[in-house]
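**Q** Pasting the sequence and the predicted coordinates here, then a few questions.
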Amino acid sequence: MSRYVVTGGAGFIGSTLVRSLLAEGAGRVTVIDNLLTGKEENLAEVRPSVDLIKADIRDYDAVAQAMRGAAVVFHLAAIPSVPRSISDPVPSHTVNIDGTFNVFRAAAESGARRVVYAASSSAYGDTEMLPKVETMLPRPKSPYAAQKLMGEYYASVFHSCYGLETVSLRFFNVYGPRQDPSSPYSGVLSVFMTALLGRRAPTIFGDGEQSRDFTYVEDVAQLCLKASRAGGVAGQVYNAGNGNRYTLNETWRQLQEIEGVRIDPVYGPPRAGDVRDSQADTTAAVRDLGHAPRFSFEEGLRRTLEWYRSRRT
Ligand code: UD1
């Protein structure tokens, strides 16, 4: 078994992280994925270097077996999506809470040194001030946000009670190649880009003035690697964002400019559980983890758009 385990490693963010680990010389990486939202093809050219264990993190025995001999675990497996957690709360609860507990428990019992946990910016809810700082009181507005916050609490408790080194990274609206645009719960940029390339109008939920700190997937993968190595950070929570924010209206405008087209969006009712504004304070992540995002929003949009274009048949 390899020293690195990535849960959810066949997913959009996980498969990027697997590539980053291999590029940095990991040799082999073990992936645990039930292929519910992940896809084996996401691992395409790196597949020979991956031990893919098709298992659900709700299955403790499978998780424990996969972690034998692991030194570092990246826990990214989850049922993402705020609206999905509202319309179908049981699977997201059991995967995101029970499954996460299984991952920490198996990591502690197998003697792994560290677990980097994919937490979520949704934990903040609507704060009075921007940017959002880790010291602010969390105010989850959806089951998904509450579940991801519970994972942080477990991460902290597994450190204090069992000595497992855990680091929670609050991901801020990650986007990039391999994000699946085909589900009703897909991330907004994957939906916007496929609409743009198909010359269709996107639907914007609400007035489009809500804002997000969109973070390019490779920057998040790099931060995961840094969090797996940094000293003096066990038990802590860090923002994994860019420090910027763009409204949906601005974002759609920018995409139209890049593509040289004009397509007016359709506006629909606001979505339940939605946070209004999201922007990370990156001070702590820069200071303690060496966070250094490389991709400007425009660069990330262009790269992602090219990827979706290359996938069109
Ligand atoms: C939330 C978290 C994010 C997490 C993600 C997991 C916040 C601020 N962010 O993302 O960190 O990774 O859950 O799923 O809580 N929208 C449209 N049209 C569409 C699709 C979406 O207007 O077709 C709108 C949504 O209503 C929302 C925004 O776009 O206002 C972003 O939505 P989405 O991409 O689903 O992510 P969040 O729910 O913000």
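**A** All right, it came through fine.
**Q** Please tell me how far the closest residue to residue 147 other than its chain neighbours sits from the ligand.
**A** Spatial nearest neighbour of residue 147, excluding adjacent residues (C-beta to C-beta, 6 or more residues apart in numbering): residue 96 at 3.7 Å. Using the backbone N, CA and C atoms, a C-beta is placed for each residue, glycine as well. Distance, residue 96 to the ligand, by C-beta to the nearest ligand atom, to the nearest Å: 11 Å.
**Q** who in this protein is up against the ligand?
**A** Applying C-beta under 6 Å from any ligand atom, we find that the chain lies next to the ligand at 80-82, 120-122, 171-174, 187-188, 191, 202-205, 210, 212, 248, 271, 274-275, 278.
**Q** Pull out the buried residues from those.
**A** 80-82, 120-122, 171-174, 187-188, 191, 202, 204-205, 210, 212, 248, 275, 278 (16 or more other C-beta atoms under 10 Å).
**Q** now, which of these lie within helices?
**A** Taking DSSP state H as the definition of helices, these contribute 82, 188, 191, 248.
**Q** Dump the residues you listed into a markdown table; add distance to residue 152 as well.
**A** Shown next, in a markdown table, are those (distance: C-beta to C-beta, whole Å):
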| residue | distance to residue 152 |
| --- | --- |
| 82 | 17 |
| 188 | 24 |
| 191 | 28 |
| 248 | 27 |
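**Q** Could you give me the buried positions within the biggest helix by length in the chain?
**A** Of all the elements of type helix in the chain, the one with the most residues (DSSP H) is helix 143-162. Residues of helix 143-162 classed as buried: 143-152, 154-156, 158-159 (neighbour count, 16+ other C-beta under 10 Å).
**Q** List the contacts of that helix.
**A** 75, 78, 80-82, 84-86, 89, 92-93, 96-97, 100-101, 104-105, 107-108, 115, 117, 119-120, 122-123, 125, 138, 140, 164-168, 234-235, 237, 273 (C-beta atoms under 8 Å, 6 or more residues apart in numbering).
**Q** Which strand or helix spans residue 243?
**A** Residue 243 is part of no helix or strand when elements are defined by DSSP states H and E.
**Q** Identify the residues contacting the residue lying closest to it once chain neighbours are set aside.
**A** Excluding the flanking residues, the one nearest residue 243 by C-beta to C-beta, 6+ apart is residue 282, at 4.5 Å. Applying C-beta under 8 Å, 6+ apart to residue 282 gives the contacts 131, 239, 241-243, 291, 293.
**Q** same thing but 10 Å
**A** Neighbouring residues of residue 282 by C-beta atoms under 10 Å, 6 or more residues apart in numbering: 131, 133, 172, 213, 223, 238-244, 289, 291-293.
**Q** Then residue 80?
**A** Neighbouring residues of residue 80 by C-beta under 10 Å, 6+ apart: 8, 11-13, 37, 92, 95-96, 118, 120, 122, 144, 148, 171, 174, 183, 185-187.
**Q** Out of the residues you listed, which sit inside strands?
**A** 118, 120, 171, 174 (DSSP state E).
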